[in-house]
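Undergrad: Sequence and predicted structure, then a few things I'm wondering about:
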Number of protein chains: 2
Amino acid sequence: MQPMAVVLLSGGLDSATCLAIARRDGFNATCLAVDYGQRHRCELDAARQVAASFDAELRTVRVDLRAFGGSALTDDLDVPKGRSEQDISGSIPVTYVPARNLVFLSLAVAQAEVLGAQYLYIGVNQLDYSGYPDCRGEFIESFRVASNLATKAGVEGKPLRISTPLIDLTKAEIVTLGTSLGVDYALTVSCYDPTEDGLACGSCDSCQLRRRGFDQANLRDPTRYA
Amino acid sequence: MQPMAVVLLSGGLDSATCLAIARRDGFNATCLAVDYGQRHRCELDAARQVAASFDAELRTVRVDLRAFGGSALTDDLDVPKGRSEQDISGSIPVTYVPARNLVFLSLAVAQAEVLGAQYLYIGVNQLDYSGYPDCRGEFIESFRVASNLATKAGVEGKPLRISTPLIDLTKAEIVTLGTSLGVDYALTVSCYDPTEDGLACGSCDSCQLRRRGFDQANLRDPTRYA
């Protein structure tokens, strides 16, 4: 029997690649999508399609982060467009959602514990990222330690392992690897401000990082731009 | 201006005492209740009444932990009744909700960050408790470290502090302290299996711990039993 893993799936490029890697690594992957009240609802449709393309189960958990406010991804704040490369990597932008990965990982730990899964995959990346502190390796490692003190599984000698296979890859390396593993990036949505039909704006931080990744990898960018 | 604190408020005895302590400590407390799909909905009413009795703001965030299953507090599993003192403290029971405090604390961190609060109060207790691993001090400390690596506030030099004023108190000490701080325990609900009107069963682990606390403190138990 294949070992089980929970894969956090956002519908974006990174997490889709992460799912492909979990499958390559021989795991029976259960995907977890988090409906946190994001403005860009097409992410959740993308997650469904990506999971289906790998014939993986998708579970969705709802948590209303809008109740807290404070982010352009959940509130009526403007998503920054056309920022320079320096600006993108330089500071924490308004698209930061307070404690998002902390909340997502906690939910994934709960799901993993109920399923009896000892592996959790998350597609965080500390190179081509938007300056979010909760994407860094030192946070993930610290969270792993904390989570194994919190759970019955951790206490009873079945600690959870957290895989971050993308953490030190460039966006170009990620799309190259994902393409070799059969990821259909046309299904994924990275844009912070897509149209209702899921067309990407092309100029938010996330679109720029994605576009540059395909460019540098010499791969065709299948993104549907508005 | 009073410093701000987020207080996790469940509607139970411990968190109500915790709120009273945060107020005594001079904080402007914003309470956070988590609607996680608990079977005993009267908890949320109790949280509202407790917050109101201290004239504190209450916010409620919804996260559907039922999506994961695996606990008597969210599923149709039987709540254990009439267990011995040894059994209660000896193993992790079916009322354990996978990763609950991990999820609750993560949500509280998000709320604190949005409010700009640097203090978080949680009424965990590692003496008279139900054997849940996520109530122990070593988990809380480890979580604090992880959370400060995850947030913009933590990275920018405004780390969150987590207060656990009940952690080494007996239930008797908790109710004695709370009574001296004006907690109206008649408003609180501890029972894992209350009636629809919020009457306590008197025999689940939580009722037994609570009843014993009032007994040992020589205080009148205001709990409304079925």
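TA: Perfect, I can see it now.
Undergrad: Report the rounded mean pLDDT for stretch A:45-59.
TA: The average of the pLDDT scores along stretch A:45-59 is 95.
Undergrad: Residues touching it, excluding its own?
TA: A:7, A:9-12, A:15-16, A:19-20, A:23, A:29-33, A:60, A:111, A:183-184, A:187-189, A:198, B:67 (Cβ atoms under 8 Å, 6 or more residues apart in numbering or on different chains). All C-beta spots, glycine's among them, are computed from the backbone N, C-alpha and C.
Undergrad: Which ones among those residues map onto strands?
TA: Counting by DSSP state E, these place A:7, A:29-33, A:60 in strands.
Undergrad: could you flag which of the contacts of stretch A:45-59 are buried?
TA: A:7, A:9-12, A:15-16, A:19-20, A:23, A:29-33, A:111, A:183, A:187-189, A:198, B:67 (16 or more other Cβ atoms under 10 Å in any protein chain shown).
Undergrad: What about chain B: which of the ones in strands among the contacts of stretch A:45-59 touch it?
TA: residue A:60 (Cβ under 8 Å from any Cβ of the partner chain).
Undergrad: Now for the ones in strands among the contacts of stretch A:45-59: which two are most distant?
TA: Of all pairs drawn from the ones in strands among the contacts of stretch A:45-59, the greatest distance, 15.1 Å, lies between A:29 and A:60 (Cβ to Cβ).
Undergrad: distance of the residue located most distally from the centre of chain A from chain B?
TA: The outermost residue of chain A, judged against the average C-alpha position, is residue A:156 (29.2 Å), by Cα atoms, centre = their mean. Computed as Cβ to the nearest Cβ, to the nearest Å, the residue A:156 to chain B distance reads 8 Å.
Undergrad: Is the longest helix seen in chain A in proximity to chain B?
TA: In chain A, with assignment by DSSP state H, the single longest helix is helix A:100-115. Yes. Legend: contact between helix A:100-115 and chain B by Cβ under 8 Å from any Cβ is shown at A:100-103, A:105-107, A:109-111, A:113-114.
Undergrad: mind giving me TSV with these and columns for pLDDT?
TA: Converted to TSV, the residues of helix A:100-115 next to chain B look like this (pLDDT from 0 to 100):
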residue	pLDDT
A:100	87
A:101	91
A:102	94
A:103	93
A:105	96
A:106	95
A:107	94
A:109	94
A:110	92
A:111	92
A:113	89
A:114	88
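Undergrad: Tell me the one among those nearest to residue B:176.
TA: Nearest to residue B:176, judged by Cβ to Cβ, of these is residue A:106 at 33.5 Å.
Undergrad: mind listing what the closest residue in space to residue A:168 that isn't next to it in sequence touches?
TA: Closest residue to residue A:168 apart from its sequence neighbours, by Cβ to Cβ, 6 or more residues apart in numbering or on different chains: residue A:127 at 6.5 Å. With contacts defined as Cβ under 8 Å, 6+ apart, residue A:127 is in contact with A:168-171.
Undergrad: can you list the residues you listed in JSON lines and add neighbour count and pLDDT?
TA: As requested, the contacts of residue A:127 are arranged in JSON lines below (neighbours: other Cβ atoms under 10 Å in any protein chain shown; pLDDT from 0 to 100):
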{"residue": "A:168", "neighbour count": "11", "pLDDT": "93"}
{"residue": "A:169", "neighbour count": "20", "pLDDT": "95"}
{"residue": "A:170", "neighbour count": "17", "pLDDT": "93"}
{"residue": "A:171", "neighbour count": "25", "pLDDT": "93"}
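Undergrad: Take the residues you listed and lay them out in CSV including secondary structure.
TA: Compiled in CSV, these are given as follows (DSSP: H, G, I helix; E, B strand; the rest coil):
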residue, secondary structure
A:168, coil
A:169, coil
A:170, coil
A:171, helix
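Undergrad: any idea which of those is closest to chain B?
TA: Lowest distance from chain B to the contacts of residue A:127 (Cβ to the nearest Cβ) belongs to residue A:168, with 17.3 Å.
Undergrad: can I assume that closest one is in contact with residue A:136?
TA: No. Using Cβ atoms under 8 Å, residue A:168 makes no contact with residue A:136, being 11.0 Å away.
Undergrad: what do those two both touch?
TA: By Cβ under 8 Å, 6+ apart, residue A:168 and residue A:136 have these common neighbours: residue A:126.
Undergrad: residues in contact with the closest residue in space to residue A:110 that isn't next to it in sequence?
TA: What sits nearest to residue A:110 in space, not counting adjacent residues and going by Cβ to Cβ, 6+ apart, is residue B:99, at 3.8 Å. The contact partners of residue B:99, by Cβ under 8 Å, 6+ apart, come to A:106-107, A:109-110, A:113, A:147, A:150-151, B:134.
Undergrad: how about 6 Å then?
TA: A:106, A:109-110, A:150-151 (Cβ atoms under 6 Å, 6 or more residues apart in numbering or on different chains).
Undergrad: same question, residue A:161
TA: Under the criterion of Cβ under 6 Å, 6+ apart, the neighbours of residue A:161 are residue A:119.
Undergrad: Phi and psi next, for it.
TA: phi -110, psi 140 (degrees, to the nearest 10).
Undergrad: how close does it sit to residue B:133?
TA: 18 Å (Cβ to Cβ, to the nearest Å).
Undergrad: hmm, back to that, next, the residue nearest to residue A:110: phi, psi?
TA: Torsion angles at residue B:99 (phi, psi; degrees, to the nearest 10) stand at phi 60, psi 30.
Undergrad: What pLDDT is listed against it?
TA: Note on residue B:99: pLDDT of 85.
Undergrad: Any chance you could note which residues of chain A sit beside chain B?
TA: Counting by Cβ under 6 Å from any Cβ of the partner chain, the positions of chain A adjacent to chain B are A:61-64, A:67-70, A:92, A:96, A:98-99, A:102-103, A:106, A:109-111, A:113-114, A:133-134, A:138-139, A:142-143, A:145-146, A:149-152, A:155.
Undergrad: From those residues, list the buried ones, please.
TA: Using 16+ other Cβ under 10 Å, the buried ones in those are A:61, A:63-64, A:67-68, A:70, A:96, A:98-99, A:102-103, A:106, A:109-111, A:113-114, A:133-134, A:139, A:142-143, A:146, A:149-152, A:155.
Undergrad: coming back round to it: farthest-separated two in the contacts of residue A:127?
TA: A:168 and A:171 (12.1 Å).
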